[in-house]
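Asker: okay, predicted coordinates and the sequence, questions at the end:
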Amino acid sequence: MKTVTIYTDGACSGNPGPGGWGAILLYGQHQRELSGGEAETTNNRMELTAVIQALSLLKEPCAVELWSDSKYVIDGLSKGWAKGWKARGWVKSDKKPALNPDLWDRLLALTDIHTLHYHWVKGHAENEYNNRCDQLAVMESKKFK
């Protein structure tokens, strides 16, 4: 099984507001950047979209080292929160509706294909790939202003 490293980030100017996402995929000597955005969205939707878009590019099941500065994404996956929300009909343990069920559903389907290892990275710090993802996301969000 190939091992791919993925870094992702999302950004939003206002929450909701114009947003963007960025991702970097690393495999051997190969590096690919991708990004996109939406005119009216939230930061968490952009964080989720970055991971979905990156995983969607993989053409076969892979071992994925996923790096994100989003506790929402990392904890939602690594602690099983999203699977629990789905099992309860997209209701959280506090009986409130889970946000972004459409994106979480797509992401959970992708995590069933790949073997993911989750890594939280401090945002806007020393990680060059996280910082580049942030640049990509902010650049995309500015296209909608």
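Answerer: Perfect, I can see it now.
Asker: where do the helices sit along the protein?
Answerer: In the chain, the helices defined using DSSP state H lie at 43-56, 71-78, 81-87, 101-113, 128-142.
Asker: out of these, which is the most enclosed?
Answerer: Most buried of the helices of the chain by mean neighbour count (mean count of other Cβ atoms under 10 Å) is helix 43-56; its value is a mean of 23. Using the backbone N, CA and C atoms, a C-beta is placed for each residue, glycine as well.
Asker: okay, the angle between that helix and helix 71-78?
Answerer: Interaxial angle, helix 43-56 versus helix 71-78 (axes from the mean of the first three to the mean of the last three Cα atoms, to 10 degrees): 50 degrees.
Asker: pull the residues that contact helix 43-56.
Answerer: 6, 8-12, 15, 19-23, 25, 34, 36-38, 64, 66, 68, 70, 72-73, 99-100, 103-104, 106-107, 110-111, 113-114, 133, 137, 141 (Cβ atoms under 8 Å, 6 or more residues apart in numbering).
Asker: now do 7 Å
Answerer: 6, 8-12, 15, 19-23, 25, 34, 36, 66, 68, 70, 72-73, 99-100, 103-104, 106-107, 110, 114, 137 (Cβ atoms under 7 Å, 6 or more residues apart in numbering).
Asker: just the buried residues out of the residues you listed, in PyMOL syntax.
Answerer: The buried residues among these can be selected in PyMOL (16 or more other Cβ atoms under 10 Å) with this line:
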select buried, resi 6+8+9+10+11+12+19+20+21+22+23+25+34+36+66+68+70+72+73+100+103+104+106+107+110+114+137
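Asker: looking at the contacts of helix 43-56, which are in strands?
Answerer: 6, 8-12, 19-23, 25, 34, 36, 66, 68 (DSSP state E).
Asker: biggest separation within these, which pair?
Answerer: 12 and 25 (22.6 Å; Cβ to Cβ).
Asker: what's across from residue 120 in the sheet?
Answerer: With DSSP bridges as the criterion, residue 120 is bridged to residue 68.
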